[in-house]
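[1] got a sequence here, can you model it:
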Amino acid sequence: MDFWGDDRGQSIQVGAILLFAFLIIAMATYQAQVVPSSNTAVEFEHTQQVEREFIDLRSSVLTAARTGNPQSTVLTLGMRYPQRTFFVNPPPAAGAVSTSSDRTLRIENASVSGGGNVEAFWNTRSLSFNTQSIRYVPRYNGYDNPPELMYENSMVVAEFDQAVLARAGQTVVENDELSLTLIDGNLSETGVGSRSIDTQVLSQNTRSVNVESTGGPIVLILPTTVDGAEKRATLAQEWEREIETDANVTALDNESAIRIELTDTDVSLRLAQIGVGTDTAQTDEAGGYITVVGDTTVAPGEKFTVEVRDRFNNPVSDAEVTPDSGLSPTRTGENGRVTFSLDEPSGNSETVELSVNDGNETWETVNVTVSQSAGGGDGGAGSGSVSNYSEGSTNDTFSSANGRWVGITCTDQLLLSDGQPASRPNGNKLQGDVIRLSASLNDSTGESYTMDIKLARASDGSWNKKKVVIYDGNGNNVNAELTVAAAARIYESGETDILELSTYKDPDTGSGSFSDYIKRIRALDDDSPVDWQTSRMTGRVDVALECDPPPSSGVSTVDGTTPSGESSALQFDIQVPSGTTETVTDIKITTPGNRNSDVQSANKLKRGSGKEVVLTVSDTSGVNQSGDLNTKVKLDGTKYALDTDATFSDGAVLSVDMGDIDGGKTQWTYDLVDSQSKADVVVTFYFQDGTQFKAYLKVTNVSS
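    Reported below is the predicted structural model:
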């Protein structure tokens, strides 16, 4: 039997082999090209995630330094790749975070001022401090040259092979204030998963000290772990962009550091130390100093307070203070302070010596004199001594720092007047004719606010600075600009209430705002008497702390008495109840603009002819009489005494007519409202009996 060849199945077999070959090639191509590309995209997404987490770590460091509360941040060090059924992934990508070795941060051409033990302590040591950077290094399988992330000196930086970019800004230089947060510890973590990085508060930046130039500009040297001269030069450019004040920033050639040359010759300095990882230690009184809070001369039985500080100028709790004069050793509280009193000094006066540590160093001992002749007196607080506040002693002329005003019962008004500036040359942040007053207000409950009033007027009358900064006890701060008129009144013949919101240009509102801090200060004396402590004084200025006049009982506005449409005059009626007599002696107008800020563009009331203010009484019988004022009225809170007082009694109505707004160039549509929070314009009437009444106007339209 013959068998013939048969090739009927060969094409199918060849086709199957070819398809399988194509599949293998496709899978190999996918494995070689698509998988790495996809993994690189996943790695890039991880860099974005860890960058956000690293910025959170920065926030934790700065928040801990400011609040004193430890913080925690999670860093996702590495990553795992998506599962692939038929394809092979590389091993998970790990990452590492670690601290650097100690580097030296220093301030050059500068010394600490302020007298006493603060100055004595710092005169024996340089303004140099150890700090570290925190660096994150990724170890990806596909992403070539990913950035390493670094936190140092408050800034987060992404460092590439050939470049550096700032990822979060700096808090070291803010106007004329330096805030240095030092890092200490030993952190070293490597892995794929998440790690919790805890920040420990070793020293909270509660206190500041004044730093002055010793010749030439103050210079700040910030160490960096950025490698390479070109990249450090780029980093210097990043710092210069981030610093809002004038400063000259360069990279040093001979060391890994950034040099910041300040234009100010007088700055304040706050220091904090934060620990990460292991090998950290809380700062204590060892290596620190003791200082007196308030006056060093007190009356018998009057309390005197000392504060123990660490080597970073911050209060130390649970530090033992040893006094002599038969007083018992006592430990400091949470605020680093301890209070004593001596009822019966030996003779007319006795000096109490108080010490910390062994008291061998000058700055470890302070002396307080208990004297029969101390306490009270005029001008004590203003000249750097102590004064007792009383109803008959509510004002003082301030010309020196370190004064203390005790027992203050009114903080409704903080009035500044009769300013006599000091001349400061060009090159200072505050240059020209300068008045600067910094003082803290503290009550016995622990609530504390520091007001820093900075005024500088140029020779041509323009203002280089007219700012008020308020700090709370936690170091948070808010600020606002005084109006030109409010600042000028302090220098000229007038007075300005620093606690009156209408004296500021667009102060912010809401919880935690400048307006909120003003309200808190005004409410301080509602809880307990307040103590005033002056920390800085440039120039000379009269200061008064006054209560608001009490409201008059019964005086009210009369609804429906405002103009029905636009008007260039302010017109409305007020009425006194039956059986009551009031005499208007003074008026004041402010434009808070709570609902319509456009009213703040108006400056004055001025008529072409006739009286600017006319107060017409409805019934002229008996003691009633109309009043007037023939002087243009500024809308900036200036208080004006009437030329003729207006008296109304027994239910009489007083018709108010004041104008014209900006000489008639501006018209308002307005109506009466019942509270200041709704008001755009406030008219205050001061009565002869020491009371007052406020009329509130809401402006719905402004035209000019």
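
[2] who are the contact partners of residue 625?
    The neighbourhood of residue 625, defined by C-beta atoms under 8 Å, 6 or more residues apart in numbering, consists of 617, 644-647. (C-beta placed from N, C-alpha, C; glycine too.)

[3] same check on residue 410?
    Contacts of residue 410 were listed using C-beta under 8 Å, 6+ apart, and they are 394, 525, 545-547.

[4] lowest-scoring secondary structure element of this protein by mean pLDDT?
    Using mean pLDDT, DSSP states H and E, the weakest-scoring helix or strand in the chain turns out to be helix 10-29, at a mean of 70.

[5] okay, the contacts of residue 410 in JSON lines with neighbour count next?
    Formatted as JSON lines, the contacts of residue 410 follow (neighbours: other C-beta atoms under 10 Å):
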{"residue": "394", "neighbour count": "18"}
{"residue": "525", "neighbour count": "19"}
{"residue": "545", "neighbour count": "22"}
{"residue": "546", "neighbour count": "15"}
{"residue": "547", "neighbour count": "13"}
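
[6] in strands, which of these appear?
    Secondary structure from DSSP state E places 545-546 of the contacts of residue 410 in strands.

[7] between the contacts of residue 625, which is nearest residue 363?
    Among those, residue 645 lies closest to residue 363 (C-beta to C-beta), at 60.1 Å.

[8] the helix or strand where that closest one lies packs against which elements?
    Assigned by DSSP states H and E, residue 645 belongs to strand 636-649. With contacts defined as 3 or more C-beta pairs under 8 Å, 6 or more residues apart in numbering; DSSP states H and E, strand 636-649 has these neighbours: helix 484-491, strand 581-590, strand 613-617, strand 627-629.

[9] how does it look with 6 Å?
    strand 581-590, strand 627-629 (3 or more C-beta pairs under 6 Å, 6 or more residues apart in numbering; DSSP states H and E).

[10] of all these, which one comes closest to residue 326?
    Comparison of the helices and strands packed on strand 636-649 against residue 326 by C-beta to C-beta identifies strand 581-590 as nearest, at 54.8 Å.

[11] and for the nearest residue to residue 490 once chain neighbours are set aside, the neighbour number?
    Excluding its sequence neighbours, the residue lying closest to residue 490 (C-beta to C-beta, 6 or more residues apart in numbering) is residue 419, at 4.4 Å. The number of residues packed near residue 419 is 24, by other C-beta atoms under 10 Å.

[12] is it correct that residue 419 is in contact with residue 543?
    No - applying C-beta atoms under 6 Å, one finds residue 419 not in contact with residue 543, separated by 10.2 Å.

[13] just give me the neighbour total for the residue nearest to residue 324 when sequence neighbours are not counted.
    Leaving aside its chain neighbours, residue 324 sits nearest to residue 353 (5.0 Å; criterion: C-beta to C-beta, 6+ apart). Neighbour count of residue 353, defined by other C-beta under 10 Å: 13.

[14] how about the host helix or strand of residue 353, which residues are buried there?
    Assessed by DSSP H and E, residue 353 sits inside strand 349-355. For strand 349-355, the buried set under the neighbour-count rule, 16 or more other C-beta atoms under 10 Å, comprises 350, 352, 354-355.
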